[in-house]
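J.: output the structure for:
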Amino acid sequence: MQSVLSRTGDKLPEILRDRDVAKAFYGVVNETLEGLQLKEDAVPYGTQNFAAGLAVQIDDAIERMAIVDWRTNMDVQNQMRNVIDDLLYEPRAAKGVPLTPQDMDGIIERALDIAKSRYPR
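T.: Down below sits the predicted model:
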(Lines give C-alpha, C1' and ligand atoms only; values in the text may rest on other atoms or scores of the structure.)
Protein backbone atom coordinates (compact mmCIF):
# COMPACT_ATOMS: atom_id res chain seq x y z
CA MET A 1 0.00 0.00 0.00
CA GLN A 2 2.80 2.42 0.84
CA SER A 3 4.36 1.92 -2.58
CA VAL A 4 1.04 2.84 -4.18
CA LEU A 5 0.82 6.04 -2.16
CA SER A 6 4.40 7.23 -2.33
CA ARG A 7 5.24 6.39 -5.97
CA THR A 8 8.78 7.59 -5.34
CA GLY A 9 10.67 4.90 -7.26
CA ASP A 10 8.45 4.82 -10.31
CA LYS A 11 9.01 6.49 -13.63
CA LEU A 12 5.99 8.75 -13.54
CA PRO A 13 4.41 10.70 -16.37
CA GLU A 14 5.73 14.26 -16.65
CA ILE A 15 2.34 15.79 -15.83
CA LEU A 16 2.76 14.59 -12.23
CA ARG A 17 6.03 16.40 -11.59
CA ASP A 18 5.81 18.54 -8.44
CA ARG A 19 2.27 17.29 -7.71
CA ASP A 20 2.71 15.04 -4.70
CA VAL A 21 -0.96 14.48 -3.94
CA ALA A 22 -1.72 13.80 -7.61
CA LYS A 23 1.03 11.16 -7.51
CA ALA A 24 -0.85 9.39 -4.75
CA PHE A 25 -4.10 9.60 -6.73
CA TYR A 26 -2.21 8.26 -9.73
CA GLY A 27 -1.13 5.24 -7.71
CA VAL A 28 -4.73 4.42 -6.86
CA VAL A 29 -6.10 5.01 -10.37
CA ASN A 30 -3.24 3.23 -12.13
CA GLU A 31 -3.43 0.22 -9.83
CA THR A 32 -7.13 -0.16 -10.62
CA LEU A 33 -6.69 0.35 -14.36
CA GLU A 34 -3.84 -2.14 -14.60
CA GLY A 35 -6.17 -4.81 -13.23
CA LEU A 36 -8.80 -4.24 -15.91
CA GLN A 37 -9.35 -6.18 -19.08
CA LEU A 38 -10.07 -4.06 -22.14
CA LYS A 39 -13.17 -4.88 -24.09
CA GLU A 40 -12.45 -5.90 -27.67
CA ASP A 41 -14.10 -2.78 -29.09
CA ALA A 42 -12.60 -0.35 -26.56
CA VAL A 43 -10.54 2.60 -27.69
CA PRO A 44 -6.99 2.11 -26.34
CA TYR A 45 -6.45 4.59 -23.55
CA GLY A 46 -2.75 4.23 -22.65
CA THR A 47 -2.98 3.30 -18.99
CA GLN A 48 -0.16 5.41 -17.49
CA ASN A 49 -0.90 8.70 -19.24
CA PHE A 50 -4.62 8.14 -18.89
CA ALA A 51 -4.25 7.44 -15.16
CA ALA A 52 -2.00 10.48 -14.72
CA GLY A 53 -4.55 12.73 -16.43
CA LEU A 54 -7.32 11.43 -14.18
CA ALA A 55 -5.12 11.87 -11.11
CA VAL A 56 -4.47 15.53 -11.99
CA GLN A 57 -8.18 16.13 -12.61
CA ILE A 58 -9.04 14.56 -9.24
CA ASP A 59 -6.35 16.65 -7.54
CA ASP A 60 -7.61 19.86 -9.13
CA ALA A 61 -11.26 19.10 -8.33
CA ILE A 62 -10.65 18.32 -4.68
CA GLU A 63 -8.40 21.35 -4.24
CA ARG A 64 -11.11 23.60 -5.71
CA MET A 65 -13.77 22.17 -3.43
CA ALA A 66 -11.75 21.95 -0.21
CA ILE A 67 -12.96 24.52 2.27
CA VAL A 68 -12.21 24.99 5.94
CA ASP A 69 -13.38 21.90 7.85
CA TRP A 70 -14.31 20.00 4.68
CA ARG A 71 -13.11 16.78 6.34
CA THR A 72 -16.09 16.92 8.70
CA ASN A 73 -18.56 18.39 6.21
CA MET A 74 -20.42 15.48 4.62
CA ASP A 75 -22.07 17.73 2.03
CA VAL A 76 -18.70 18.82 0.66
CA GLN A 77 -17.38 15.25 0.74
CA ASN A 78 -20.44 14.05 -1.16
CA GLN A 79 -19.94 16.81 -3.74
CA MET A 80 -16.33 15.64 -4.11
CA ARG A 81 -17.53 12.05 -4.57
CA ASN A 82 -19.93 13.18 -7.29
CA VAL A 83 -17.26 15.14 -9.15
CA ILE A 84 -14.79 12.25 -9.03
CA ASP A 85 -17.54 9.88 -10.14
CA ASP A 86 -18.21 12.14 -13.14
CA LEU A 87 -14.50 12.23 -13.96
CA LEU A 88 -14.38 8.43 -13.94
CA TYR A 89 -17.68 7.91 -15.73
CA GLU A 90 -16.82 10.01 -18.78
CA PRO A 91 -13.92 7.82 -20.02
CA ARG A 92 -15.87 4.74 -19.07
CA ALA A 93 -18.64 5.77 -21.43
CA ALA A 94 -16.60 7.48 -24.15
CA LYS A 95 -13.57 5.19 -24.39
CA GLY A 96 -14.94 1.89 -23.17
CA VAL A 97 -12.76 1.81 -20.06
CA PRO A 98 -14.21 -1.20 -18.26
CA LEU A 99 -14.52 0.35 -14.79
CA THR A 100 -17.24 -1.26 -12.73
CA PRO A 101 -19.24 0.75 -10.20
CA GLN A 102 -17.21 -1.06 -7.52
CA ASP A 103 -13.93 -0.01 -9.17
CA MET A 104 -15.15 3.57 -9.31
CA ASP A 105 -16.32 3.54 -5.69
CA GLY A 106 -12.96 2.14 -4.61
CA ILE A 107 -11.05 4.89 -6.41
CA ILE A 108 -13.37 7.55 -4.99
CA GLU A 109 -13.09 6.41 -1.38
CA ARG A 110 -9.33 5.90 -1.55
CA ALA A 111 -8.91 9.32 -3.18
CA LEU A 112 -10.88 10.96 -0.38
CA ASP A 113 -8.82 9.12 2.22
CA ILE A 114 -5.65 10.38 0.55
CA ALA A 115 -7.03 13.93 0.37
CA LYS A 116 -8.00 13.88 4.04
CA SER A 117 -4.48 12.93 5.05
CA ARG A 118 -2.49 14.99 2.55
CA TYR A 119 -4.22 18.33 2.00
CA PRO A 120 -3.25 21.02 4.49
CA ARG A 121 -6.73 22.51 4.95
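J.: where does this structure dip in pLDDT?
T.: Residue ranges of the chain with pLDDT under 70: 1-10, 37-46, 121.
J.: and the helices in it, which stretches?
T.: Taking DSSP state H as the criterion, the chain carries its helices at 2-6, 20-34, 47-65, 74-95, 101-118.
J.: mind listing what's buried in stretch 47-66?
T.: 48, 50-59, 61-62, 66 (16 or more other C-beta atoms under 10 Å). In this view, the C-beta of every residue, glycine as well, is placed from N, C-alpha and C.
J.: just to revisit the earlier point, will you turn the helices of the chain into TSV that also has distance to Leu12?
T.: Below are these laid out as TSV (distance: least, C-beta to C-beta, whole Å):
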stretch	distance to Leu12
helix 2-6	11
helix 20-34	6
helix 47-65	7
helix 74-95	19
helix 101-118	16
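J.: coming back round to it: and the buried residues of stretch 47-66 as CSV, adding distance to Asp103?
T.: Converted to CSV, the buried residues of stretch 47-66 look like this (distance: C-beta to C-beta, whole Å):
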residue, distance to Asp103
Gln48, 17
Phe50, 14
Ala51, 13
Ala52, 18
Gly53, 17
Leu54, 12
Ala55, 15
Val56, 19
Gln57, 17
Ile58, 14
Asp59, 19
Ala61, 18
Ile62, 19
Ala66, 24
